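1. sequence-free structure coming up:
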């Protein structure tokens, strides 16, 4: 079974209060080298069969219309190389 990963992140110009809260915890715990945190979403989509250009086009449409809000988020799609399982 093949897997496609879709990662969704807030656009750089969009405030990320969750990321800022996580950064605050890191800094309070003494991790001053952490300069910023952005929190996003990761979707693992299992597919039956090989990953083709047509399948990636279909996942692209789902990412744009279902998994993300194109006004405030960006997304990246890639095949999961896995660990041989």
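-> Received it, and whenever you're ready, just let me know what you need. If you're wondering where the values come from, they're calculated on a predicted model, not measured in any experiment. Numbering: from 1, shown residues only.

2. before we move on, what SS does residue 76 have?
-> strand (DSSP: H, G, I helix; E, B strand; the rest coil).

3. that one against residue 41, yeah?
-> No: here residue 76 lies out of contact with residue 41, judged by CB atoms under 8 Å, at a distance of 11.4 Å. Any C-beta I mention is one placed from the backbone N, CA and C, and that applies to glycine too.

4. the helices in the protein, which residues?
-> For the chain, the helices defined by DSSP state H occupy 17-28, 53-62.

5. among those, which is nearest residue 69?
-> Ranking the helices of the chain by distance to residue 69, with CB to CB as the measure, places helix 53-62 first at 13.4 Å.

6. packing partners for that closest one?
-> Helices and strands touching helix 53-62, by 3 or more CB pairs under 8 Å, 6 or more residues apart in numbering; DSSP states H and E, are strand 2-10, strand 73-79.

7. and the last one, what does it pack against?
-> For strand 73-79, the elements it packs on are strand 2-10, helix 53-62, judged by 3+ CB pairs under 8 Å, 6+ apart.

8. quick one on the thing from earlier: for residue 2, find the nearest of the helices of the chain.
-> In terms of CB to CB, the element of the helices of the chain nearest to residue 2 is helix 53-62, at 8.7 Å.

9. so for that closest one, what's the average pLDDT?
-> For helix 53-62, mean pLDDT is 96.

10. can you put the helices and strands packed on strand 73-79 in JSON lines and add distance to residue 45?
-> Formatted as JSON lines, those follow (distance: least, CB to CB, whole Å):
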{"stretch": "strand 2-10", "distance to residue 45": "5"}
{"stretch": "helix 53-62", "distance to residue 45": "6"}
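
11. of all those, which lies closest to residue 72?
-> Across the helices and strands packed on strand 73-79, closest to residue 72 is strand 2-10 (CB to CB), at 6.1 Å.

12. and that closest one, which residues are buried?
-> Neighbour counts over strand 2-10 (16 or more other CB atoms under 10 Å) mark 4, 6, 7, 8, 9, 10 as buried.
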